[in-house]
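1. how would this look folded up:
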Amino acid sequence: MIRAGRREYVQNSEELAAALGITLGTFRNKLPYTAHGFPPLISSQGARVKLWDNRQTAAFLAGRPVPALPDEDDDQDLLDRNEAAAELGIAAKSWDAYKTAPQIKPHLTRIKGVEHCPRGIIRAYQAARRTAVHGPRGRPRGSGDMVPRDEIPARVGALLDQDPAVTLATVQDRLGLSYAAAARALPALRAERIADLLQAQPALTPEDAAVRLGYPTAVQRTALACAATEMRARQIRPYLQHVADALADAGLAQTQIVSVHRVAGGEILAAAVMLTGETPALVWDERYGWRTAESRRHPLGPHTGTPPQGEGIRYLSEHQQPEPAELLSALADGRNLPRRPKAVHMPGTETRPRP
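-> The predicted structure is shown next:
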């Protein structure tokens, strides 16, 4: 975490590499921060973007004693995604929904490209959370959902925290949601929690996880199907981020965090990497692999069940998960790229190992 009052001292990998007098590539290969006595990261364990306190690293590099950071929690401490989730006692994936709440969202801040939230804001939200779920009851005929769309996952998640067997009818009644909104949110949240438990305890089967979480038999089939898609999304995300990072390193894209989307009724996974040149974006679809996109605003395009085609759409590889080098080579020789995929892959399969 970034301790209170130390925001100005945050240092990322690029800045630390410069302080060491080496290139970022050498820094990533040599991992100098693993040396004995090197100041610890201030980013959370497993965070994709590594951060340090530059007062500590400067002292270490100068051969001086490394100053200690404050060790008492403060409401002004800035927590990253993993730390914010831990503060609330939820999975990191669930934080992505909770942070959209109006009590949290305005207070989010980016530091060196990493989103953080003040500890005090999270504590205040947590204290008010149980009261918040007892919101408007019922949904007047013809009205819209009473909860803003971006708050729905957090509010439904709070009900699920209280009662793992909560029904769609209860969610509708307690939050004033339509049946469609409740039917989207509740199975998705159950699926995320099944996936969280499976990652924490790999020996469990999905069915075991559903039972352990207290989900009724009547809802398990839908929850397990959604969980299978969620697990695929988690498995593919590191590969997609690896490709995005390679495109950024090659100067074809800005550094970005890739989001995995569920399309075609939620059964198919897809993602977009925005580019900086004439080609608006690259799109990955688990059925067709990588292709170029025609639109920067809507790169995924409509989903008709057939491979997308258009003047600006070209398919880059017959493989579902090609190495970044293959994609870079295909982009460099765009004239010979096919307009249709050479292979169609079944969801959940891959044609070569992920890096």
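2. middle-most residue in this structure, spatially?
-> Central residue of the chain (Cα atoms, centre = their mean): S259, 5.9 Å from the mean position.
3. what about the strands in the protein?
-> Under the criterion DSSP state E, the chain contains strands at 10-12, 51-53, 78-79, 109-111, 114-118, 261-263, 268-274, 281-285, 289-292.
4. looking at these, which is closest to A169?
-> strand 261-263 (24.8 Å; Cβ to Cβ). No exception for glycine: its C-beta is placed from N, CA and C like everyone else's.
5. list the helices and strands that closest one packs on?
-> Applying 3 or more Cβ pairs under 8 Å, 6 or more residues apart in numbering; DSSP states H and E, we find strand 261-263 packed against strand 268-274.
6. could you say what helices and strands the strand it packs on packs with?
-> Packed against strand 268-274, as judged by 3+ Cβ pairs under 8 Å, 6+ apart, are the following elements: helix 217-249, strand 261-263, strand 281-285.
7. who does that strand pair up with?
-> With DSSP bridges as the test, strand 268-274 is paired with strand 261-263 (antiparallel), strand 281-285 (antiparallel).
8. re the thing from before, nearest approach to I313 belongs to which of the strands of the chain?
-> The nearest among those, by Cβ to Cβ, is strand 289-292 at 5.7 Å.
9. List the contacts of L61.
-> L61 is in contact with 19-20, counting by Cβ atoms under 8 Å, 6 or more residues apart in numbering.
10. Tell me the spacing between Q254 and S295.
-> Using Cβ to Cβ, to the nearest Å, one gets 18 Å for the distance from Q254 to S295.
11. quick one, which of the strands of the chain is nearest to T306?
-> Of the strands of the chain, nearest to T306 by Cβ to Cβ is strand 281-285, at 11.4 Å.
12. then that closest one to PDB, C-alphas only?
-> The C-alpha trace of strand 281-285 is given here as PDB (Å, rounded to 0.1, in the frame of the first residue of the first chain):
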ATOM      1  CA  ALA A 281      -7.600  -2.300 -32.300                       C
ATOM      2  CA  LEU A 282      -6.900  -6.000 -32.200                       C
ATOM      3  CA  VAL A 283      -9.700  -8.200 -31.000                       C
ATOM      4  CA  TRP A 284      -9.400 -11.700 -29.600                       C
ATOM      5  CA  ASP A 285     -12.400 -14.100 -29.700                       C
END
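13. same question for that strand, mean pLDDT?
-> Across strand 281-285, pLDDT averages out at 95.
14. ok now that strand, how far from the chain's centre?
-> Here strand 281-285 is found 17 Å from its chain centre; the criterion is Cα atoms, centre = their mean, to the nearest Å.
15. So what touches it?
-> The contact list for strand 281-285 (Cβ under 8 Å, 6+ apart) reads 240, 243, 247, 263, 268-275, 290-293, 295-296, 299-301, 308, 316, 327.
16. Flag every buried residue along it.
-> Residues of strand 281-285 classed as buried by neighbour count (16 or more other Cβ atoms under 10 Å): 281-285.
17. Put together JSON lines for those, with distance to P106 on each row.
-> Below are the buried residues of strand 281-285 laid out as JSON lines (distance: Cβ to Cβ, whole Å):
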{"residue": "A281", "distance to P106": "29"}
{"residue": "L282", "distance to P106": "33"}
{"residue": "V283", "distance to P106": "32"}
{"residue": "W284", "distance to P106": "33"}
{"residue": "D285", "distance to P106": "35"}
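18. quick one: which of those residues is nearest to L20?
-> The closest of the buried residues of strand 281-285, once distances to L20 are taken by Cβ to Cβ, is L282, at 32.8 Å.
19. For that closest one, name its beta-bridge partners.
-> Beta-bridge pairing of L282 under DSSP bridges involves V273, T292.
20. if I look at it, how far off is A343?
-> 17 Å.
21. What of H303?
-> 19 Å.
22. What of T304?
-> Distance, T304 to A343, by Cβ to Cβ: 19 Å.
23. more neighbours, those two?
-> Set side by side, T304 and A343 show more neighbours around A343, with 13 against 8, by other Cβ atoms under 10 Å.
24. Contact partners for the more buried one?
-> When contacts are counted by Cβ under 8 Å, 6+ apart, A343 touches 289, 318-320, 351.
25. ok, 10 Å please
-> The contact partners of A343, taken as Cβ atoms under 10 Å, 6 or more residues apart in numbering, are 287-289, 315, 317-320, 351.
26. Next step: those residues restricted to helices.
-> With helices defined by DSSP state H, no entry of the contacts of A343 lies inside them.
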